[in-house]
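> requesting a structural model of the entry that follows:
(one chain, ligands or ions: 2)
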Amino acid sequence: MKREDVLMQALPYIQKFHGRSMVIKLGGHAMVDTDIMDTVIRDVVLLQLVGIKCVIVHGGGPEITEKMKAMGKKPRFVSGLRITDDDTLEVAQMVLVGKINSKIVSLVSRAGGRAVGISGNDANLIIAKKMERQKVRIDNHEEEVDLGHVGEIEEIRPAVLHTLLDNQFIPVISPLAIDRNGNDLNINADTAAGELAIALGAYKLISMTDVDGIMDRERTKVFHRMTPQDAENLIASGVVSEGMIPKVLAVLRALQGGVPYAHIINGNLAHNLIMELFTSEGVGTMITDRDDEV
Ligand SMILES: Nc1ncnc2c1ncn2[C@@H]1O[C@H](COP(=O)(O)OP(=O)(O)O)[C@@H](O)[C@H]1O
Ligand SMILES: CC(=O)N[C@@H](CCC(=O)OP(=O)(O)O)C(=O)O
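Ligands and ions are numbered 1, 2, ... in the order given. All right, here's what the predicted structure looks like:
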């Protein structure tokens, strides 16, 4: 395709997306290469310049795990959620806020945009409560496990995001929350992105990870489009497993909450974000119960 054709193909999408908001979740596994991360951020700055209100929510699970191991602590997860004791919460805060959030903000600045880094506890953006004890199967019996400082989202107060977006800032959000008594909590980044997308009335939730999208059992084929029902079936049949489960559950919750389109795409390939948004073929998986084009 000629260069001008590629650009013109984007026109109807730009017209459709102008003035709408999108929540872009950058998973920890999608942030391993700084050069590619740089292209992802430049894509986001471009999206903002064509009138899309972009909100970035980032993860950082792999880096938290690495730091915990370096401290001699063994990371433990229950249903994809990290058991978070006092020390682990401190590591999560250091890695998420101190390192990853600040790196993304700098990359936006380098790309010519203006970002403001916040976490869910800033301006009471994400109010959560400590998660109930979770039942886990261990050696043929069920045990109840306390996840520590892990939060379950109760409320999103998006006022701060509207202020930032209306003034052309790109909010970059760390997945931490606060409870009603002011205690800090760790939350899964996909869950946070899904709830933020609902509260903002976002047009799309885009989750960037380290695989091309939702794949078949053999992991040879990517499903480019599916309905929420298809996605539920893939979880029930075990085709969707491990870290993909919280991601797909967050997508389903967002779709139920009124977000029309959700995408899961590979964040480790340069310019996948604009390819997914501005071409009819797309590159990853789009989940929607609408039957129109975008
Ligand atoms: N059906 C599936 N299609 C694609 N990936 C899957 C599927 N089921 C499980 N996965 C796994 O989910 C992982 C993505 O989740 P995760 O590692 O938590 O990502 P992130 O850190 O980006 O949030 C993939 O690397 C893959 O191993
Ligand atoms: C409670 C919980 O599990 N919180 C996550 C927050 C980071 C995250 O979700 O990062 P990814 O998107 O890279 O997986 C954690 O501590 O790993």
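> for M8, report the pLDDT, please.
On pLDDT, M8 comes in at 88.
> no, scratch that, I was asking about E242
85.
> pretty sure it contacts G80?
Yes - at 7.3 Å, E242 counts as touching G80 under the criterion of Cβ atoms under 8 Å. No exception for glycine: its C-beta is placed from N, CA and C like everyone else's.
> show me the contacts for the closest residue to ligand 2 within the stretch 1-150 of the chain.
Scanning the stretch 1-150 of the chain for the residue nearest ligand 2 gives G59, at 2.0 Å (criterion: Cβ to the nearest ligand atom). Residues in contact with G59, defined by Cβ atoms under 8 Å, 6 or more residues apart in numbering, are K25, L26, G27, G28, M31, P175, A189, D190.
> out of these, which end up buried?
K25, L26, G27, G28, M31, P175, A189, D190 (16 or more other Cβ atoms under 10 Å).
> restrict those to contacts with ligand 1.
Residues of the buried ones among the contacts of G59 in contact with ligand 1 (Cβ under 6 Å from any ligand atom): G27, G28.
> just the buried ones among the contacts of G59: which are in helices?
A189, D190 (DSSP state H).
> farthest pair within the buried ones among the contacts of G59?
M31 and D190 (14.2 Å; Cβ to Cβ).
> doesn't I153 make contact with E195?
Yes - using Cβ under 8 Å, E195 is in contact with I153, at 4.9 Å.
> overlap in contacts of those two?
In contact with both E195 and I153: I126, using Cβ under 8 Å, 6+ apart.
> when those two are compared, which one has more neighbours?
Neighbours per residue, other Cβ atoms under 10 Å: of E195 and I153, the larger number sits with E195, 26 against 21.
> show me where the stretch 1-150 of the chain has helices.
With DSSP state H, counting those that start in this stretch, the ranges of helices along the stretch 1-150 of the chain come out as 3-17, 34-49, 61-70, 86-93, 102-110.
> relative to D289, which of those helices is closest?
That would be helix 3-17 among these, by Cβ to Cβ, at 18.0 Å.
> pull out the buried positions in that closest one.
Y13, F17.
> if we can go back for a sec, just the contacts of G59: which are in strands?
Counted as lying in strands by DSSP state E, out of those, are K25, L26.
> just the pLDDT at the residue lying closest to L89 once chain neighbours are set aside, thanks.
Distances taken as Cβ to Cβ, 6 or more residues apart in numbering put H149 closest to L89, at 4.6 Å, once the chain neighbours are dropped. At H149, the model reports a pLDDT of 98.
> surely H149 touches N183?
Yes - counting by Cβ under 8 Å, H149 touches N183, with 7.5 Å between them.
> neighbour count: these two, which is higher?
H149 (23 against 15).
> tell me the pLDDT of H141.
At H141, the pLDDT recorded in the model is 87.
> pairing partners for it in the sheet, please.
Beta-bridge pairing of H141 under DSSP bridges involves I138.
> could you count how many residues lie near it?
7.
> quick one on the thing from earlier: what's the closest non-adjacent residue to the residue of the stretch 1-150 of the chain closest to ligand 2?
A189 (3.6 Å).
> H263 now?
Closest to H263 by Cβ to Cβ, 6+ apart is I206, at 4.5 Å.
> what about the one you found, how many neighbours?
By other Cβ under 10 Å, neighbour count at I206 equals 28.
> please renumber so the chain begins at 12
In the new count, where the first residue is 12, that last one comes out as I217.
> for N197, see how far away the residue of the stretch 12-161 of the chain closest to ligand 2 is.
Separation of G70 from N197 (Cβ to Cβ, to the nearest Å): 11 Å.
> now do the same contact list for A273.
K215, L216, I217, S218, V262, A265, L266, M297, I298, T299.
> give me the pLDDT value at whatever residue of the stretch 162-305 of the chain ends up closest to ligand 2.
Minimum separation of the stretch 162-305 of the chain from ligand 2 (Cβ to the nearest ligand atom) falls at A200, amounting to 3.4 Å. A200 is assigned 97 on the pLDDT scale.
> which residue packs closest to V147, ignoring adjacent ones?
In space, V147 is closest to V156, 5.1 Å off (Cβ to Cβ, 6+ apart).
> likewise for F289?
A21 is the one closest to F289 (Cβ to Cβ, 6+ apart), at 3.9 Å.
> next one: whichever residue of the stretch 112-261 of the chain sits closest to ligand 1 from S90, what distance?
Proximity of the stretch 112-261 of the chain to ligand 1 (Cβ to the nearest ligand atom) peaks at G254, 2.1 Å away. Between G254 and S90 the computed distance is 11 Å (Cβ to Cβ).
> since that was my last question, I'll sign off now.
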